[in-house]
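Colleague: What follows is a predicted structure for the sequence shown.
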Amino acid sequence: MLVYKYEARNSSTGQIIKAKVEADNDKEAAKLIRQQGLTLLSIKLDKSPIAGFTSILNRVRSKDIVLFSRQLSTLINAGLPIVQSLRSVAGQTQSKPLKVVVNSVIASVIAGSSLSAAMGKYPKVFNKVYTSIVMAGESSGTLDKALERLADQQEKDAEIISKVRGAMIYPCIVMLVMICVVGFMIVKVLPQVENIYSGLPGAHLPLLTSLLLDLSHFIINFWWLVLVVVAVLAFGTSRWVNTVGGRSLMDRIKMSMWPIKGLFMKLYMARFARTASTLVASGLPLIEVMEITSDAVNNVHIKKSLQQAEDKVKGGKALSDVLVGDPNFLELVPNMLHIGEQSGAMETMLEKVATYYEKEVDNEIKSVSTIIEPVLMIIMGIIALLIVAAILLPIYGLAGAGLGGGSSSTTVNL
């Protein structure tokens with residue numbers, strides 16, 4: 001959400017109020033201000049860095065959406081009107097940004113909008129899968145069940161993503177510690193070796209030590225340049241990843257690079273099956289299920305395969321036949337889809353596929369962790385060996401020259 005600065009007058013007291021409000025656009029912001037009984041005088045986007053940082057911090061968390069869905073489902077199932085149910089949930093939620101969004105949804109529903117259309121104004125909070133299932137629930141009169149399915153689907157998806165992220169935390173921490181230790185050794189320890197040799201006429205440092213000392217001098221003298229380069233690379237990479245080419249390459253790497261390809265392929269299959277199962281259970285037609293699921297999987301190559309399959313399904317082919325042999329789908333998926341199509345139990349088969357691959361993701365996380373740990377240890381060992389060698393070789397060379405005696409100059413070679 002964006003942050004807007006506004007100036008308004010309190011109609012009852014005449015007091016001029018200057019404050020800030022968060023909304024997806026200026027129209028929504030103005031609506032929220034008027035709901036407080038204020039007369040809007042001026043409003044503009046707050047472009048300050050702090051506002052942008054606050055907006056990032058105030059993103060709605062997935063667990064808040066899950067809780068919102070469950071509470072709303074329970075209240076609607078109990079027979080409460082939608083507006084009253086939304087107000088009750090808004091009053092109970094601890095998430096301030098979600099409360100702002102729900103209040104805006106309430107205003108839209110009161111104005112005559114459907115719940116799905118009102119939620120569709122906030123795609124970052126209620127994605128296409130969410131609004132489509134809500135729309136199907138509204139059409140069939142089973143909104144409470146649709147919201148319950150959404151909560152289940154979101155819980156499963158959040159759980160599996162949390163496990164994958166958790167598996168990546170350990171390697172990231174090890175790499176960060178390794179960078180800090182290496183930086184300390186290069187900047188603080190190696191210069192001491194140079195100081196020992198600086199007073200010895202004719203002394204020559206080994207090549208490895210000289211190279212690392214050059215790096216040390218560069219970092220010490222141009223540390224600001226190092227920070228600028230790192231910042232530019234980080235910013236450039238983040239922007240490039242969001243381009244079409246960058247996204248395509250990163251998604252392909254996830255699906256093909258050892259040792260993570262098995263993990264991500266099974267993650268995508270689980271996400272595809274779980275989302276499709278929820279959509280089919282909500283009564284959406286297959287073509288719409290494929291269209292929505294292609295976005296939910298969050299991989300451009302799988303999305304392209306589903307879009308191509310969508311055209312063939314419109315032509316009369318079965319989805320299972322279209323996906324057979326597609327390198328972007330594991331073999332079990334079309335096989336189970338075929339059984340579902342033949343038996344008329346598509347929802348059940350998709351749910352079984354999702355459950356199977358969710359368990360497989362757990363196994364893959366353990367396997368990847370088992371592989372990554374020794375690989376990181378080997379990398380750390382090699383780097384530590386190089387730094388220790390750069391420090392000890394000159395010392396051993398100096399000691400050897402001292403034991404040899406009678407020499408007026410000291411020469412140390414690798």
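Modeller: Nice, thanks for sending it over.
Colleague: Rounded mean pLDDT for the helix or strand harbouring residue 341, please.
Modeller: Here residue 341 sits within helix 332-343, counting by DSSP states H and E. The average pLDDT for helix 332-343 rounds to 85.
Colleague: May I see the buried residues of that helix?
Modeller: For helix 332-343, the neighbour count (16 or more other Cβ atoms under 10 Å) marks 332, 333, 334, 336, 337, 338, 340, 341 as buried. For the C-beta atoms, the positions are set from N, CA and C on the backbone; glycine is no exception.
Colleague: Out of those residues, which comes closest to residue 77?
Modeller: Nearest to residue 77 out of those is residue 340 (Cβ to Cβ; 28.5 Å).
Colleague: isn't the closest one right up against residue 348?
Modeller: Yes: with contact defined as Cβ atoms under 8 Å, residue 340 counts as touching residue 348 (6.9 Å).
Colleague: what about the following helix or strand past the helix holding residue 341, average pLDDT?
Modeller: Reading on from helix 332-343 to the C-terminus, the next helix or strand found by DSSP H and E is helix 346-404. If you average the pLDDT over helix 346-404, you get 78.
Colleague: Hey, what's the angle from helix 346-404 to helix 332-343? Just curious.
Modeller: Interaxial angle of helix 346-404 relative to helix 332-343 (axes from the mean of the first three to the mean of the last three Cα atoms, to 10 degrees): 170 degrees.
Colleague: Mind putting the buried residues of helix 332-343 into TSV with distance to residue 272?
Modeller: Converted to TSV, the buried residues of helix 332-343 look like this (distance: Cβ to Cβ, whole Å):
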residue	distance to residue 272
332	12
333	7
334	12
336	12
337	10
338	16
340	14
341	16
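Colleague: for those, which one is nearest residue 297?
Modeller: Residue 297 lies nearest to residue 333 out of these, by Cβ to Cβ, at 11.7 Å.
Colleague: circling back to that earlier point, tell me the two of the buried residues of helix 332-343 that are most distant?
Modeller: 332 and 341 (14.8 Å).
Colleague: quick one: terminal-to-terminal distance for stretch 246-264?
Modeller: In stretch 246-264, first residue to last residue: 17 Å (Cα to Cα, to the nearest Å).
Colleague: which of the residues in that stretch are buried?
Modeller: Within stretch 246-264, the residues that count as buried by 16+ other Cβ under 10 Å are 247, 251, 254, 255, 260, 262, 263, 264.
Colleague: Ok, stretch 98-118 next?
Modeller: Of the residues in stretch 98-118, 98-109, 114-118 count as buried by neighbour count, 16+ other Cβ under 10 Å.
Colleague: Helices along the stretch 201-350 of the chain, start to end?
Modeller: Along the stretch 201-350 of the chain, counting by DSSP state H, counting those that start in this stretch, helices occupy 207-221, 223-241, 244-256, 261-281, 286-296, 300-314, 319-323, 332-343, 346-404.
Colleague: closest to residue 17 out of those helices?
Modeller: Closest among these, using Cβ to Cβ: helix 223-241, at 37.5 Å.
Colleague: now the closest one and helix 207-221, what's the angle there?
Modeller: Using the same axes, to 10 degrees: helix 223-241 against helix 207-221 is 90 degrees.
Colleague: and for the helix or strand where residue 83 lies, what are the contacting residues?
Modeller: In this assignment (DSSP H and E), residue 83 forms part of helix 82-92. Residues from elsewhere that reach helix 82-92, judged by Cβ atoms under 8 Å, 6 or more residues apart in numbering: 68, 71-72, 75-76, 80, 99, 102-103, 105-106, 109-110, 115, 143.
Colleague: So which of those is the closest to residue 230?
Modeller: residue 99 (38.4 Å).
Colleague: Would it be right to say that the closest one lies in a helix?
Modeller: Yes: counting by DSSP: H, G, I helix; E, B strand; the rest coil, residue 99 falls inside a helix.
Colleague: just checking, it touches residue 93?
Modeller: Yes: taking contacts as Cβ under 8 Å, residue 99 lies within contact range of residue 93: 5.4 Å.
Colleague: ok, then the element right after the lowest-mean-pLDDT helix or strand in the chain?
Modeller: For the chain, using mean pLDDT, DSSP states H and E, the weakest element among its helices and strands is helix 49-57, scoring a mean of 44. Proceeding N to C from helix 49-57, the next assigned helix or strand is helix 62-77, under DSSP H and E.
Colleague: residue ranges with poor pLDDT in the stretch 151-300 of the chain?
Modeller: Scanning the stretch 151-300 of the chain for pLDDT under 70 picks out 198-203.
Colleague: Is the residue lying closest to residue 372 once chain neighbours are set aside within a helix or a strand, and which one?
Modeller: Once flanking residues are discounted, residue 372 sits nearest to residue 171: 5.2 Å by Cβ to Cβ, 6 or more residues apart in numbering. Here residue 171, judged by DSSP H and E, is contained in helix 143-184.
Colleague: Domain map for this protein?
Modeller: Following automatic domain parsing, the chain resolves into domains at 2-57, 62-126.
Colleague: Mind putting those into a markdown table with distance to residue 374?
Modeller: Below are the domains of the chain laid out as a markdown table (distance: least, Cβ to Cβ, whole Å):
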| stretch | distance to residue 374 |
| --- | --- |
| domain 2-57 | 36 |
| domain 62-126 | 33 |
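Colleague: follow-up on the earlier one: for the helix holding residue 171, enumerate the helices and strands it packs against.
Modeller: For helix 143-184, the packing partners by 3 or more Cβ pairs under 8 Å, 6 or more residues apart in numbering; DSSP states H and E come out as helix 62-77, helix 128-140, helix 261-281, helix 346-404.
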